[in-house]
Structure formats: C-alpha cells, structure tokens
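S.K.: My questions are about this predicted structure, shown below with the sequence.
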Amino acid sequence: MDSLQRKVVMEDMVQYKLFLVQPDDSTSHQIEEHFSRLVEEIMAKVAPLLIQYIWQHQSFNLKYHPEKEGVPAHIGGSTQFGDNVDDEWFIVYLLRQITQAFPKLAARVEDNDGEFLLIEAADYLPKWLNPDTSENRVFLYKGELHILPCPSASSPVGVSKDAIPSVSEALTLLSNHSEACRASPRISSALRKRLEGYPEKIKMGLHRAHCFIPAGIAKVLAQRPDLVAPAVSAFYLRDPVDLHACRTFKIFPPDTRVLTLVTFTRCLYAQLLQQQFTSDRRSNFTLPPRSHPQYKAHELGMKLAHGFEILCSKCKLPSSEPEASISCNPLWKGFMDSLKRNDYFRGEIEGSARYRELTKSAENFFKQSVASKSSALSPGEEVLQLLHSCSSPSLEELKRRESQLPPEDSDSWLDITAQDLERMLQERSRGRDDVGSQNTSSTTQIQQRVRGGKERRKETESKEGEEEADYSLVAVSQGMKNFLNAMSSHEGAELPWSSSTQPFSFNPDTMANALDRLLGSKDDELDSDDLDDEEDEDEEDENDEEPSGHTETNETETLDSLKRYMDQMDQELMSTNIGQSFNQINYNNTDLGSGSPHPSATGSSAGEVGMEEAEEEIQPLDVDLNLVTNLLESLSCQAGLAGPASNLLQSLGLHLPPNSDSS
C-alpha cells in the first residue's frame, strides 16, 4: 500500500483502539451503551496506576467511536507524549493489562513511526513483514502480542502479504486462530523486555526536589501534583510574549515563597534544570550566590513560578458560580462501585483520613479522564480555580513545615559516565549477542581452535591466552568473510549471525539464467527493471534457450575477455606505488630456485619468466593481513567514537578491546 494513502499520525503522539474480537449484531445504541460500561470498568481497573502517574502533555483516555469507513465501533483515544517516550510505553503496558483483564478486547496501537511494537523486535521479524505489509496485522490480545501470519505450506492460516486485511477480517482471524496468530517467542520476549519493570517503574521515573515557590503554587500542587507538567512545559516552550506576564507577578508574588517538596518526572526535572534562564529585574525574583547550599532550590522554584504565571496569564478568572458536585454526575456512582470491586481503597475504613485522601484522588481522576470533555478546563483555568477554591494551609503553616520536609532525591542519574553508557549498550545488544551465539558456527569454531592452541601453553598463561582468544584477529577476518559471502538484497545487508536457520533453497534454472545475463550471453542489456521482472521472464527464458554449444562459447569468450582486462590493469598498476600500500605474501628464494610455481595475481605461471623477472612479478596479496590492518587503522582513527569499522564489527558480534597503546 502506498504510504501516502495512510492516515498520518501526529508527531510525538500515540493512538490506541480497543475492539471487540467477536462483535454481536446489536443496534448502534446498544453497542454504545456496552462500550460506555466497558470504559467505566476499564478506567476503574487501571485507576490505581493512573492516579499516581504524571503525564508529560496528555493523559490516557478512552471514548466511544462509532463505526466509520470500514472500521468497526470501538473505544480508543490518543495521547501526546512529547519528549517523554516513557508515556508511550506506559500506555502499551496499560493496553496489555486491559486486554489480559478483558479477554474479549483486542488492542491496536501506533504512532507516527507506524507499528512501533514491531520496531522493537525488528531483529526477529519474518522477512515478509515490513511497513508495507504490516497494516491491520498487529494486535495486543489476551495480554500477548499477535501478528496475523502469512499462509505457508505448513500452515494455511493467515492473510497473503500482498493483501491488506480489513479490521473486521483481522478480528475474525484473531478470534478463530489465536494460537496461529501469536507472535513468536523471540518477538514476544523483545516486547516483554521493553516493558519489564512496570508498575514499579512508575515510581522510579519520579524525582522529588526541594523548591522555593510562591505559597499559591504550593497549595495548588498539594491538591493536584500533576499540574506541574503543564507549568514546566509552559516555561520550557516560552516565548518573549509569554515573558511579558512575568515582569510583574500578579498571581504568584515572589515575596510569599516557601520551601516545599515538588514531585516531577525525570523528564520534567531535566527540562527545568537544564534551561539557562535569567529573570526580569522587575519580577523581584532574586537568587542567592551559586555557592549557597540552597541555590538549586531557589533556581528551580523561580523557573517553576514563571511556568505557572505563564499558564494563568493566558486564562480568564474562574466564574464565581459554585461548581456542581461530582455526585451529580450519573457516571460517578458506577465508577465508585468499580473502584470498590477492584480493591482501590485497600481495606481502608470509610471516613478515615486515608479513605478521604483516596476518594479525593479518585474525584480528580474522574474529572480529568472519565467525565465528559465538553466542558473541560485548560490547565491554567484549573490552577486558577484551585487557587480560589482550595482551603489549604496558610502561609505561616507552610513556613512551619519547611523544617519537616523529607530529603530530596539524588539527581546523580543525570550524569552518565562512559562505563554506564557502555553497560547500557551491552544490555541493549545482549539479546542480539545471544542470537549470534546460536547461529554463528564458523567464527565459533575458529575461536575454539585458537583457544585449543592457547590451552597447550603453561597453566600460568592459560587465563591470559583465553582473553586474547576472545579478541582473535582470525575471528575478525573470518567474520568479515562471512559478511561478504552472505546473501543480501537492495533492502540492506544480511548479517551472517542473524540469518535464518531454515535450510536455504533456490531455483537453479533461475540462477543460471541470471548468470547468463550478467555475463553478457543475452543480446539485451541488463538494467534495474530486468531485476524486478526476473521471475516473470523465467518461463520465457526456458522456452527461448539458445543452443548449449553457443552458450558455452559465449561464456568462454567473456571470461577470456575479463582476464585480458585484468592483465592489462595489473601491468599498468605495476608502474605505480599503489602496490606498496598492500601487504603481499613473500616467497623465499628456495622455492624460486627449485622451480616450484607459485600463484600470481595475473594467473601467469613461473615457467614463463626467468629467475630475475620472478622477483618483479606481481605477488599475491595477503588478504587477511590487509583486512585486519585496515580495520585496526580505522578503529584507531575513530579514537573510541562510533564509526564505520566499530559499527560493522559490533553488528557482526565482534568486540575488540580498547587500544591500550598510546603510540
């Protein structure tokens, strides 16, 4: 399918849809009611995870979508995650949990890169699966990744790679043949590895820091900690017009600053901390010297105050009319019942302090994610509304609490050493190395032979010998040869250690015809279109074969012509210095004196020249030595940075130690 015909997903946005695997023949009104109940149950199920989560831009949300343009009725939504890609993967984790708890639902998720779940497992996908053949094939079902297969001789189940299944066809196939559609263990393992650590990873992604902020902001964050995200974004994406409102802080005066503990995500904290900013002198935001022990708290609070002031400067003051009670919403009672069934209150007695705290968090979550979005307020309006309605502690009370604040979290995670980076890269490629160790036989055999030679040394040198064998230059040479001999296509190079373990088969007639055309036995000239139509013309080539004798004559003439060209090139290069840049195989005089022939680059025999001319002949190159020498020189020029040589060796599963020779 042409990529231009696909619906473009907005950048930094993830879209998700939940379908009924076995839709019934109910009316549209009944289907809408059924999905509305499902939304309540789903949001109540995931509420314990969502209430404590701070989103970068938009939260996880679900709403009903009627049938349209061949897409069945479903519930779904979209979330803009901005710079925090963890939001996207947290949504994938939520969808896995939802499809596991509700086995009648199957989920689809994609972003502007398309099927990003497949990107995570790109090393293990079948050859036929690519961005052009993956549409409507990838689903999360019963907590597992499912991919609609392509029919084969062993299993007729699936959809042809040349056809794009509709969502209804895909759901039917998924329902009737769920086992055949389940992704392979290696693909599923790659996805599970990316999602490991949840839900504990939610708390690990938070960062608590001390900040000197105006008392009004402290009151707002005590009620709604998630409002720190739009404030940081407003400061991070500020422009000169926004800063006009920060010349005089009318809403959050700086003389009311108090020290409090603010909870960020790591992404928000890094965005706020790394910004270089100097406040306007008219704002009265003064900072202590950089040597002051609380300089960072003052700087963070100053930046956060600017973000909140910018948010509120774009909004009107809230209406003085009292807000309708949340109990008036018809969905609230059902939502509370679902929370109780899912043990949200964890056995707390109704009316206790902890019960009231959990109820307040549930009310805030209900207003943001479950209630109708038709009258939704902007973040700035929510801040102003909370500022005018909350009965939080007074300024004096907040001042007294400063001495009782818990310690802030260490921000050492911002500093990554070279060793940390190397460890992360090794963990990232560990799965590939495991695959490589299973599929590479030739390199392993060479290393084993080298190790065998090392083991014959003294016991005191055995350990050192094994370490040298791990970085055997013979293995490097053999790995490069395997790479050059591997079959590849115009879509990219095939790495020998990641190639399929299935037996290789090909059509010998097609191969022979292709060779004939490359060698010039056909009258037509080969071009790029011929390669695309090669399979279609195989039958015609078989019917129009030339006599075998004529074909053999053409092949012989072509080879002779190539040899003559090579001889002429060698003779011309002999008069230059280019040959001195290569390492050649040296033959001793004993071999020459005995008249034993040796191979040469031109294919001429030693008997055709005399003893004096033999030394001037083109000597055969030591291919392995030249290869290793050039690779080591390239690695040395990279000075430890990424480059062609290191990237190629890394992709081949070959790891060379750092250069310890300073010269």
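M.R.: Ah, there it is.
S.K.: Once you drop chain neighbours, what's closest to residue 142?
M.R.: Of all residues not flanking residue 142 in the chain, residue 103 sits nearest, at 5.2 Å (C-beta to C-beta, 6 or more residues apart in numbering). Quick note: C-beta positions are derived from backbone N, CA and C, even for glycine.
S.K.: How much space separates that neighbour from residue 174?
M.R.: Counting by C-beta to C-beta, to the nearest Å, the gap from residue 103 to residue 174 is 12 Å.
S.K.: Which one's more surrounded, these two?
M.R.: Shown here are residue 103 and residue 174; by other C-beta atoms under 10 Å, residue 174 has more neighbours (22 against 12).
S.K.: which ones are touching that one?
M.R.: Counting by C-beta atoms under 8 Å, 6 or more residues apart in numbering, residue 174 makes contact with 21, 106, 139, 141, 146, 148, 181.
S.K.: got it, and residue 212?
M.R.: 257, 258, 259, 294, 297, 298, 300, 301, 302 are the contacts of residue 212 under C-beta under 8 Å, 6+ apart.
S.K.: Tell me if I am right that it is in a helix.
M.R.: No: secondary structure of residue 212 (DSSP: H, G, I helix; E, B strand; the rest coil): strand, not part of a helix.
S.K.: Apart from its neighbours in sequence, what residue is nearest it?
M.R.: Nearest non-adjacent residue to residue 212 (C-beta to C-beta, 6+ apart): residue 301, at 3.7 Å.
S.K.: Do me a favour and average the pLDDT over the host helix or strand of that neighbour.
M.R.: For residue 301, the element it lies in under DSSP states H and E is helix 295-313. The average pLDDT for helix 295-313 rounds to 94.
S.K.: Give me the next element, helix or strand, following it.
M.R.: Following helix 295-313 in sequence order, the next helix or strand is helix 330-341 (DSSP H and E).
S.K.: So which elements touch that next one?
M.R.: Under the contact criterion of 3 or more C-beta pairs under 8 Å, 6 or more residues apart in numbering; DSSP states H and E, helix 330-341 touches helix 28-50, helix 353-365.
S.K.: Show me what the mean pLDDT comes to for that helix.
M.R.: Mean predicted lDDT for helix 330-341 stands at 76.
S.K.: got the buried residues for the longest helix seen in the chain?
M.R.: Ranked by residue count, the top helix of the chain under DSSP state H comes out as helix 548-574. Neighbour-count burial for helix 548-574, counted by 16 or more other C-beta atoms under 10 Å, picks out 554, 570.
S.K.: So which elements touch it?
M.R.: Judged by 3+ C-beta pairs under 8 Å, 6+ apart, helix 548-574 is in contact with no other helix or strand.
S.K.: From the chain's centroid, how far away is stretch 639-646?
M.R.: 22 Å (C-alpha atoms, centre = their mean, to the nearest Å).
S.K.: mind starting the numbering at 21 from now?
M.R.: Shifting the count to begin at 21 puts that one at stretch 659-666.
S.K.: List the contacts of that stretch.
M.R.: 651, 654, 655, 657, 658, 678, 679.
S.K.: how about the residue nearest to residue 232, what does it touch?
M.R.: Counting by C-beta under 8 Å, 6+ apart, residue 321 has contacts 231, 232, 233, 277.
S.K.: Tell me the secondary structure of the residue nearest to residue 162, please.
M.R.: Residue 123 ends up coil, using three-state DSSP.
S.K.: wouldn't it be in contact with residue 164 here?
M.R.: No: counting by C-beta atoms under 8 Å, residue 123 sits too far from residue 164 to count as a contact (10.8 Å).
S.K.: where in the stretch 571-683 of the chain is pLDDT low?
M.R.: Applying pLDDT under 70 to the stretch 571-683 of the chain flags the ranges 571-572, 606-639, 679-683.
S.K.: Could you say which one of the helices and strands packed on helix 350-361 comes nearest to residue 448?
M.R.: helix 48-70 (26.2 Å; C-beta to C-beta).
S.K.: and the angle from the closest one to helix 373-385?
M.R.: Angle of helix 48-70 versus helix 373-385, following axes from the mean of the first three to the mean of the last three C-alpha atoms, to 10 degrees, is 130 degrees.
S.K.: how far does helix 48-70 sit from the chain's center?
M.R.: 30 Å.
S.K.: Which strands or helices does the helix or strand just after that helix pack on?
M.R.: Going down the chain from helix 48-70, the next helix or strand is strand 83-85, by DSSP H and E. Applying 3+ C-beta pairs under 8 Å, 6+ apart, one finds that strand 83-85 contacts helix 48-70, strand 94-100.
S.K.: Roughly how far does residue 367 sit from residue 378?
M.R.: Separation of residue 367 from residue 378 (C-beta to C-beta): 11 Å.
S.K.: These two: which is more packed in?
M.R.: Remark: of residue 367 and residue 378, residue 378 carries more neighbours, 19 against 6, as counted by other C-beta under 10 Å.
S.K.: Report pLDDT for that one.
M.R.: Residue 378 is given a pLDDT of 83.
S.K.: what's the answer for residue 564, then?
M.R.: Confidence at residue 564, expressed as pLDDT, is 49.
S.K.: Would you map out the domains in the chain?
M.R.: Domain segmentation of the chain under the TED database yields 33-216, 220-334.
S.K.: Could you dump the ones you listed into CSV and include distance to residue 371?
M.R.: Below are these laid out as CSV (distance: least, C-beta to C-beta, whole Å):
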stretch, distance to residue 371
domain 33-216, 20
domain 220-334, 20
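S.K.: Ok, which of the ones you listed comes nearest residue 640?
M.R.: Closest of the domains of the chain to residue 640 is domain 33-216, at 38.2 Å (criterion: C-beta to C-beta).
S.K.: follow-up on the earlier one: now, of the contacts of residue 232, which are buried?
M.R.: Judged by 16+ other C-beta under 10 Å, buried ones among the contacts of residue 232: 277, 278, 279, 317, 318, 320, 321, 322.
S.K.: Wait, a strand at the third one?
M.R.: Yes: the assignment for residue 279, made by three-state DSSP, places it in a strand.
S.K.: In this structure it contacts residue 231, no?
M.R.: Yes: in this structure, residue 279 is within contact of residue 231 by C-beta under 8 Å, at 7.4 Å.
S.K.: Overlap of the contact sets of the two?
M.R.: Counting by C-beta under 8 Å, 6+ apart, the shared contacts of residue 279 and residue 231 are residue 317.
S.K.: What distance do you get for the residue lying closest to residue 285 once chain neighbours are set aside to residue 231?
M.R.: Distances taken as C-beta to C-beta, 6+ apart place residue 74 nearest to residue 285, at 5.1 Å, with adjacent residues excluded. Going from residue 74 to residue 231 by C-beta to C-beta gives 15 Å.
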